[in-house]
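Enquirer: heads up, no residue letters with this:
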(Lines give C-alpha, C1' and ligand atoms only; values in the text may rest on other atoms or scores of the structure.)
Protein backbone atom coordinates (compact mmCIF):
# COMPACT_ATOMS: atom_id res chain seq x y z
CA UNK A 1 0.00 0.00 0.00
CA UNK A 2 3.00 2.26 0.51
CA UNK A 3 3.72 2.06 -3.22
CA UNK A 4 0.17 3.11 -4.08
CA UNK A 5 0.37 6.11 -1.73
CA UNK A 6 3.73 7.29 -3.08
CA UNK A 7 2.65 6.79 -6.70
CA UNK A 8 -0.61 8.68 -6.19
CA UNK A 9 1.20 11.49 -4.36
CA UNK A 10 3.71 11.88 -7.21
CA UNK A 11 0.96 11.78 -9.83
CA UNK A 12 -1.02 14.46 -7.96
CA UNK A 13 2.05 16.68 -7.63
CA UNK A 14 2.72 16.30 -11.35
CA UNK A 15 -0.72 17.81 -11.91
CA UNK A 16 0.81 21.14 -10.84
CA UNK A 17 2.76 21.19 -14.10
CA UNK A 18 1.10 21.96 -17.40
CA UNK A 19 0.20 18.53 -18.71
CA UNK A 20 -2.00 17.30 -21.57
CA UNK A 21 -5.66 16.93 -20.62
CA UNK A 22 -5.41 13.16 -21.03
CA UNK A 23 -2.97 13.04 -18.12
CA UNK A 24 -5.52 14.62 -15.79
CA UNK A 25 -8.14 12.11 -16.94
CA UNK A 26 -5.69 9.30 -16.27
CA UNK A 27 -4.91 10.68 -12.80
CA UNK A 28 -8.61 10.80 -11.97
CA UNK A 29 -9.05 7.17 -12.98
CA UNK A 30 -5.85 6.01 -11.25
CA UNK A 31 -6.75 7.96 -8.10
CA UNK A 32 -10.24 6.44 -8.08
CA UNK A 33 -8.81 2.93 -8.30
CA UNK A 34 -5.93 3.66 -5.90
CA UNK A 35 -8.13 5.23 -3.24
CA UNK A 36 -10.58 2.37 -3.65
CA UNK A 37 -7.79 -0.13 -2.97
CA UNK A 38 -6.58 1.91 0.01
CA UNK A 39 -10.14 2.05 1.37
CA UNK A 40 -10.51 -1.72 1.03
CA UNK A 41 -7.14 -2.29 2.70
CA UNK A 42 -8.18 0.02 5.54
CA UNK A 43 -11.43 -1.92 5.87
CA UNK A 44 -9.50 -5.19 6.08
CA UNK A 45 -7.30 -3.73 8.84
CA UNK A 46 -10.35 -2.29 10.63
CA UNK A 47 -9.07 1.30 10.21
CA UNK A 48 -12.49 2.87 9.73
CA UNK A 49 -11.27 6.49 9.83
CA UNK A 50 -8.84 5.82 6.99
CA UNK A 51 -11.48 3.88 5.08
CA UNK A 52 -13.93 6.80 5.21
CA UNK A 53 -11.26 9.28 4.11
CA UNK A 54 -10.17 7.08 1.18
CA UNK A 55 -13.76 6.50 0.08
CA UNK A 56 -14.33 10.27 0.13
CA UNK A 57 -11.17 10.82 -1.92
CA UNK A 58 -12.24 8.12 -4.39
CA UNK A 59 -15.53 9.95 -4.90
CA UNK A 60 -13.75 13.31 -5.22
CA UNK A 61 -11.37 12.05 -7.91
CA UNK A 62 -13.80 9.67 -9.66
CA UNK A 63 -13.63 9.95 -13.47
CA UNK A 64 -17.34 9.49 -14.24
CA UNK A 65 -18.87 12.82 -13.18
CA UNK A 66 -16.41 15.69 -13.38
CA UNK A 67 -16.29 17.90 -10.29
CA UNK A 68 -15.43 21.39 -11.56
CA UNK A 69 -13.35 23.13 -8.92
CA UNK A 70 -11.17 25.18 -11.25
CA UNK A 71 -7.47 24.66 -11.83
CA UNK A 72 -6.27 26.71 -8.85
CA UNK A 73 -8.51 24.93 -6.35
CA UNK A 74 -7.66 21.52 -7.82
CA UNK A 75 -3.96 22.36 -7.42
CA UNK A 76 -4.53 23.12 -3.73
CA UNK A 77 -6.50 19.87 -3.31
CA UNK A 78 -3.79 17.91 -5.12
CA UNK A 79 -1.04 19.26 -2.85
CA UNK A 80 -3.03 18.69 0.35
CA UNK A 81 -3.95 15.13 -0.65
CA UNK A 82 -0.37 14.35 -1.76
CA UNK A 83 1.02 15.58 1.56
CA UNK A 84 -1.65 13.63 3.44
CA UNK A 85 -0.78 10.46 1.54
CA UNK A 86 2.93 10.83 2.29
CA UNK A 87 2.29 11.55 5.97
CA UNK A 88 -0.08 8.57 6.22
CA UNK A 89 2.75 6.24 5.19
CA UNK A 90 4.35 6.79 8.59
CA UNK A 91 1.28 7.47 10.72
CA UNK A 92 -2.08 6.06 9.59
CA UNK A 93 -5.11 7.31 11.49
CA UNK A 94 -6.07 4.98 14.31
CA UNK A 95 -9.62 4.26 15.36
CA UNK A 96 -10.43 5.72 18.74
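Expert: Arrived safely, thanks for sending. Predicted model only: the values in this text are computed from it and were never measured.
Enquirer: max-length helix in this structure?
Expert: helix 21-44 (DSSP state H).
Enquirer: This protein: helices as residue ranges?
Expert: Going by DSSP H, the chain shows helices at 2-14, 21-44, 48-61, 71-90.
Enquirer: And the pLDDT for residue 67?
Expert: pLDDT recorded at residue 67 is 82.
Enquirer: Against residue 19, how distant is it?
Expert: Separation of residue 67 from residue 19 (C-beta to C-beta, to the nearest Å): 18 Å. For the C-beta atoms, the positions are set from N, CA and C on the backbone; glycine is no exception.
Enquirer: do residue 11 as well
Expert: Separation of residue 11 from residue 19 (C-beta to C-beta): 10 Å.
Enquirer: Those two: who's more crowded?
Expert: Using other C-beta atoms under 10 Å, the more surrounded residue of residue 11 and residue 19 is residue 11, with 17 against 12.
Enquirer: Quick check: residue 50 touching residue 42?
Expert: Yes - Residue 50 is within contact range of residue 42, at 3.9 Å (criterion: C-beta atoms under 8 Å).
Enquirer: Can you pick out the residue with more neighbours from the two?
Expert: Neighbours were tallied for residue 50 and for residue 42 using other C-beta under 10 Å; the higher tally belongs to residue 42 (23 against 20).
Enquirer: That one contacts residue 51, doesn't it?
Expert: Yes - judged on C-beta under 8 Å, residue 42 makes contact with residue 51 at a distance of 3.9 Å.
Enquirer: circling back to that earlier point, can you list the helices of the chain in TSV and add mean pLDDT?
Expert: As requested, the helices of the chain are arranged in TSV below (pLDDT from 0 to 100):
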stretch	mean pLDDT
helix 2-14	94
helix 21-44	94
helix 48-61	93
helix 71-90	92
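Enquirer: where's the nearest residue to residue 29 once chain neighbours are set aside relative to residue 33, distance?
Expert: Spatial nearest neighbour of residue 29, excluding adjacent residues (C-beta to C-beta, 6 or more residues apart in numbering): residue 63 at 4.5 Å. Distance of residue 63 to residue 33, given as C-beta to C-beta: 9 Å.
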